[in-house]
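1. Sequence and predicted structure are below.
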Amino acid sequence: MFIYLNLLLLLFTFIYQSGTPPVGTSTVPVSGKHGDNVTLPCQLEATKISDISLNNVSENIPVCQTEECSGRVLKRGNCDIVFKDLCFSDAGTYFLHVFYKNDQKKLKRRLWAYQLHIHDEISVKTGEERKLDVLSNANQVVHLTRNRRSWREVWSRVGGAQSDQMTDADGTLTIKEFTANDAGTYRVLDSEGEILITLTLTESDSKGESHDTDDDKPDNTRRRAVSFWIIIVGLTIVLALMICLVIYRKCH
């Protein structure tokens, strides 16, 4: 009996782990910070779960069945999946297959699809080489600085790095010598245009203290001017009301 059950589970897994969810399956967006933990939620009341299986578009992901195991991916609660110590390479699409028995003891299957997005903010010293291991699932990397209105492609899987300032090798994008022009927001996109990673790089001096470039600084002069005129207008209104009050009392 157990042999037939295992064969049936394997058959289900083979059929449904094709990398594309069935029509009508919605994708749940999940976001987590690099180095933190994140949970892929699974809402299933069934208590008689026979097996769970997690995969992305290219491989099966081993899942620890108890919280005591040492793996980085584990099951928590009924069927929630927890990723510990997120890596950039974890970003991507995942499919969770849960096999369970209903009240009639028939084996059934539920499928969840997730889009895991990872974000981080890094301070980089001027002139420092910075390696970003963000290319394992990437199709394109685009960059946006605060003084630009549109995203600029800096890397693609077909064309590689778009400037001499960058190199790519073994899934790593390397900025040779970091400058203020390299600061800003980077987005790593998959082949469908989905955002895998959002990475904000800020420039710091030799002491490691972050600072903005001239283009990134807020316009303090304009803010002071606006505040000044608000105060002037307010005082003028108060003074006008006091004068009207004095005139009113004299007339009456």
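-> That came through fine.

2. For the nearest residue to Thr93 once chain neighbours are set aside, list the residues it contacts.
-> Closest residue to Thr93 apart from its sequence neighbours, by CB to CB, 6 or more residues apart in numbering: Gln115 at 5.6 Å. For every residue, glycine as well, the C-beta is placed using N, CA and C. When contacts are counted by CB atoms under 8 Å, 6 or more residues apart in numbering, Gln115 is found next to 27-30, 92-93, 194.

3. try 10 Å
-> 27-31, 91-94, 190, 192, 194-196 (CB atoms under 10 Å, 6 or more residues apart in numbering).

4. Filter those down to the buried ones, PyMOL style.
-> Only the buried entries of the contacts of Gln115 go into this PyMOL selection, using 16 or more other CB atoms under 10 Å:
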select buried, resi 30+91+92+93+94+190+194+195+196
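
5. Val63 - how many residues pack around it?
-> If you count neighbours by other CB atoms under 10 Å, Val63 ends up with 17.

6. And for Ser58?
-> Residues lying near Ser58 (other CB under 10 Å) number 8.

7. hang on, isn't it packed against Asn137?
-> Yes - Ser58 is in contact with Asn137 according to CB atoms under 10 Å; the separation is 8.9 Å.

8. so what's in contact with these two at the same time?
-> Shared contacts of Ser58 and Asn137 (CB under 10 Å, 6+ apart): Gly92.

9. Touching, Phe76 and Cys69? I think so.
-> Not quite, residue 76 is Arg, not Phe. No - look at Arg76 against Cys69 with CB under 10 Å: they stay out of range, at 11.5 Å.
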